[in-house]
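Asker: show me how the following folds:
(2 chains)
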2 protein chains.
Amino acid sequence: MSGTAYGIGVGPGDPELITLKGLRHLRACPVIAYPAPEGGESLARRIVATHLPGGQTEIVIGVPMSGERFPTGAIYDRAASEIGGHLMAGRDVAVLCLGDPFFYGSFMYLFERLAAAHTVVVVPGVTSVSAASAALCLPLAARNESFAVIPAGLDDTEIERRLATCDAAAILKLGRHAGRVRALLTRLGLEAHYIERASVAEERRLKLADVDPSSAPYFSLLLVRRVA
Amino acid sequence: MSGTAYGIGVGPGDPELITLKGLRHLRACPVIAYPAPEGGESLARRIVATHLPGGQTEIVIGVPMSGERFPTGAIYDRAASEIGGHLMAGRDVAVLCLGDPFFYGSFMYLFERLAAAHTVVVVPGVTSVSAASAALCLPLAARNESFAVIPAGLDDTEIERRLATCDAAAILKLGRHAGRVRALLTRLGLEAHYIERASVAEERRLKLADVDPSSAPYFSLLLVRRVA
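Answerer: Numbers count the residues shown, from 1 in each chain, chains lettered A, B, ... in the order given. Model prediction:
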């Protein structure tokens, strides 16, 4: 009997924002796997730390420190191989994913390596966009409005094109792009609300004008609404 | 002591896809409120039925049957007034919201009526888009890709404009628009995956070509990926 790999969305940061289904699989699997910056703490593991039953085998997927660079395939080849070994031995594996596994998550790199030979189940989770909306008390979209999710790493022309065809948007992963994106939004006359680390104790909500662009973390985003 | 209104995202349909936080507030509130089609069953209440402790006061927010028409403000005026009465009497109220409260949810109409005078807390939830992605095993977006959420009720020109500026998209609330949207996607040469009632027992996944446009429900959507 081969094991199942579960890609579990652990939610945006608050340990209470995991789903019942995610928690059930997380606790039942004899093996858990999670990304961690090399030499640093895994945020995904920290989120679920209080939920862990103890005694699970843990696989750390070491990824380069910068949230901006995208790790090479070799990292996921190795992790998929290690996870696959447990699956072939009949052990289920829970892979912890920040937010939702298939929404800007690295889980998809494991999924494409595991799915051909193994059973893989994805447990969806609450995204940082929903958490930001709740914390800022700003609805994302309603009725026939369209909503765009835009990574801040795109260049100004591309961001402007996407903003031109939506009613509201989230601009994700600000990090070192915060100053440039703020200048762009100011030029376009768009209002935006800034939040970093939505739903955790360190959460900060700021007016865009008050953001220090030199210190915006990778896990920060803007909610933008077009005023027609 | 005034009560707190909780807008609780109960998730996309599977009762296990509610969060721990949503469940905690749902069970602790002496009053729950939820939308229901006039003369019909409330989907939001059905999702949480097995979680309810019993003995709660229930407020049914009757909305017109069609998922296409947007109810008038009078319905929400009345519901907000009834909820407000409980809050002023010191009773917390849990408002059940399908998916995420601020993502195409009717909760925002209550929020805008309650927030000035009362404490309102939003508990984010898993959206139907994340549930669809998990069920179809299709990642939504990665790296610097942008993602668009587009209601099917927009006309073809508007949908085409939005699709032109994203890497992937979800087209929501197909219902009676299914045939028209399929014709548009075929003309644009875009591949799409259809799902209805993601995450519940009645879930159906189909190739777009096999969808019967005359029977697509309101709770159906397409995931679209642009192939450059």
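
Asker: what is the burial count for A:V122?
Answerer: 28 (other C-beta atoms under 10 Å in any protein chain shown). C-beta here means a position set from N, CA and C on the backbone, and glycine is covered the same way.

Asker: figure out how far the longest helix along chain A is from the centre of its chain.
Answerer: Looking across chain A with DSSP state H, the single longest helix is helix A:73-88. The chain centre lies 21 Å from the centre of helix A:73-88; the measure is C-alpha atoms, centre = their mean, to the nearest Å.

Asker: next, see if the helix or strand just after it gets close to chain B.
Answerer: Downstream of helix A:73-88, the next assigned helix or strand under DSSP states H and E is strand A:93-97. No - judged by C-beta under 8 Å from any C-beta of the partner chain, strand A:93-97 stays clear of chain B, getting no closer than 10.9 Å.

Asker: show me what strand A:93-97 is packed against.
Answerer: strand A:4-9, helix A:20-28, strand A:31-37, helix A:43-48, helix A:73-88, helix A:107-114 (3 or more C-beta pairs under 8 Å, 6 or more residues apart in numbering or on different chains; DSSP states H and E).

Asker: give me the low-pLDDT residue ranges for chain A?
Answerer: By pLDDT under 70, the low-scoring segments of chain A are A:65-71, A:227-228.

Asker: quick check: domain ranges of it?
Answerer: Domain assignment for chain A by automatic domain parsing gives A:4-123, A:128-225.

Asker: quick one: is the last one near chain B?
Answerer: Yes - in this structure, domain A:128-225 sits against chain B according to C-beta under 8 Å from any C-beta; the contacting residues are A:130-131, A:133-134, A:137-151, A:153-154, A:158, A:161-162, A:164-166, A:199.

Asker: so what's A:E160 up against?
Answerer: A:184, A:188 (C-beta atoms under 8 Å, 6 or more residues apart in numbering or on different chains).

Asker: which SS class is it?
Answerer: Assigned with DSSP: H, G, I helix; E, B strand; the rest coil, A:E160 falls in the helix class.

Asker: out of the residues of domain A:128-225 next to chain B, which sit inside helices?
Answerer: Using DSSP H, these in helices are A:130-131, A:133-134, A:158, A:161-162.

Asker: now the buried members of the residues you listed.
Answerer: Using 16 or more other C-beta atoms under 10 Å in any protein chain shown as the burial test, these include A:130-131, A:133-134, A:162 as buried.

Asker: quick check: the farthest pair among those residues?
Answerer: Longest distance between any two of those is 23.5 Å, between A:A134 and A:R162; criterion C-beta to C-beta.

Asker: coming back round to it: can I get the ones in helices among the residues of domain A:128-225 next to chain B in CSV with distance to B:P35?
Answerer: As requested, those are exported to CSV (distance: C-beta to C-beta, whole Å):
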residue, distance to B:P35
A:S130, 19
A:A131, 23
A:S133, 19
A:A134, 19
A:E158, 38
A:R161, 36
A:R162, 32
